[in-house]
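Enquirer: structural data only, the sequence is not supplied:
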């Protein structure tokens with residue numbers, strides 16, 4: 001049975017978000033996933049345009065895309081290194097697309113679907129704003145009620161469960177949102193920590209495909225390979241039982257004001273533990289990053 005996936009990304013500062021989307025689309029093509037929405041947690045429009053370009057390349061243009069429109073967040077050269085050229089090339093031959101706000105796209109997806117797995121491969125601001133959202137024309141439920149009724153779990157790239165002094169980027173960039181979600185999310189959160197992907201570089205199979213593939217172009221900026229934090233998160237969300245990763249025992253997970261991970265026994269959440277050799281994991285991910 002295909003996993004229903006609603007994915008939120010900060011595509012723009014690293015190419016592994018693009019790799020996760022390639023993996024998601026190819027696993028969907030094989031019947032393992034159904035993507036009910038993709039949202040962007042940064043306000044720079046080039047990120048949302050790049051998502052549209054990727055979706056169209058993989059023949060998934062029907063997937064709703066949302067972008068952050070409520071405030072400015074994650075703008076500037078560092079946050080657009082993988083999206084600005086893609087967007088500029090696209091609008092040379094297309095009108096600038098219009099996108100709904102990310103929270104509206106999320107709310108619509110949760111009204112129309114149940115048993116959804118939410119995936120975050122960026123900061124938690126969109127999810128925090130979803131939880132804070134009030135009843136509207138989409139639904140008479142507030143955000144927490146929608147998540148409670150329609151989401152069975154969330155897989156999140158965030159934290160570090162090997163080095164608790166490490167300030168992981170997705171968390172430290174918006175600690176307040178990460179902690180709001182950790183406190184209020186009414187379903188299990190499974191964290192894919194920094195330690196899982198930093199020793200695995202994927203993207204080799206992109207070199208065997210078309211040089212017009214926008215994901216390949218994003219990887220080429222980094223020499224053809226990318227770290228595997230986001231592909232691991234997306235893979236485990238789609239194949240929640242697999243031979244490469246196990247879940248920890250039940251934990252309570254939060255973060256201090258610097259973004260360092262706080263993890264105690266007991267609770268509703270988990271973190272992922274790698275159970276296979278690095279090369280086996282790399283090969284499995286690369287099957288779908290193409």
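Expert: That came through, no problem. Since we're looking at a predicted model, the values are computed, not measured. Numbering: from 1, shown residues only.
Enquirer: the helix or strand hosting residue 103 packs against which elements?
Expert: For residue 103, the host element (DSSP states H and E) is helix 102-112. Counting by 3 or more CB pairs under 8 Å, 6 or more residues apart in numbering; DSSP states H and E, the packing neighbours recorded for helix 102-112 are strand 3-9, strand 33-40, strand 65-67, helix 125-132, helix 143-150. The C-beta positions use only the backbone N, C-alpha and C, and glycine is treated the same way.
Enquirer: list the contacts of it.
Expert: The set of residues that contact helix 102-112 without belonging to it, under CB atoms under 8 Å, 6 or more residues apart in numbering, is 6, 8, 36-37, 39-41, 64-70, 116, 126, 129-130, 133, 136, 138-139, 143, 146-147, 149-151.
Enquirer: and if you look at stretch 170-177?
Expert: Among residues not part of stretch 170-177, those counted as contacts by CB under 8 Å, 6+ apart are 10, 73-74, 120-125, 127-128, 157-159, 178, 255-259, 261.
Enquirer: also stretch 244-258?
Expert: For stretch 244-258, the surrounding residues in contact (CB under 8 Å, 6+ apart) are 159, 161, 167, 171-172, 175, 178-179, 182-183, 189-191, 196, 232, 235-236, 261-276, 280-281, 284.
Enquirer: so how do I select the buried members of these in PyMOL?
Expert: The following PyMOL line selects those of these that are buried, judged by 16 or more other CB atoms under 10 Å:
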select buried, resi 159+161+167+171+172+175+178+179+182+189+190+191+196+232+235+236+261+263+267+269+270+271+272+274+281+284
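Enquirer: in strands, which of the contacts of stretch 244-258 appear?
Expert: Among the contacts of stretch 244-258, the residues falling in strands (DSSP state E) are 189-191, 261-265, 270-274.
Enquirer: quick one: residues contacting residue 57.
Expert: Under the criterion of CB under 8 Å, 6+ apart, the contact partners of residue 57 comprise 212, 213, 214, 215.
Enquirer: and it, what pLDDT?
Expert: Confidence at residue 57, expressed as pLDDT, is 98.
Enquirer: swap in residue 263?
Expert: 98.
Enquirer: one step back: buried ones among the contacts of helix 102-112?
Expert: Among those, the ones that count as buried by 16+ other CB under 10 Å are 6, 8, 36-37, 39-41, 64-68, 116, 126, 129-130, 133, 138-139, 143, 146-147, 150-151.
Enquirer: I'd assumed residue 38 was in contact with residue 28.
Expert: No - taking contacts as CB atoms under 8 Å, residue 28 lies outside contact range of residue 38: 11.6 Å.
Enquirer: of the two, who's got more company?
Expert: Each of residue 28 and residue 38 had its neighbours counted (other CB atoms under 10 Å), and the higher figure belongs to residue 38 (28 against 20).
Enquirer: show me which helix or strand of this structure is least confident by mean pLDDT.
Expert: With mean pLDDT, DSSP states H and E as the measure, the helix or strand of the chain carrying the lowest mean pLDDT is helix 84-91 (a mean of 91).
Enquirer: who's in contact with that helix?
Expert: Outside helix 84-91, the residues that touch it by CB under 8 Å, 6+ apart are 45, 46, 49, 50, 52, 53, 214, 217, 218.
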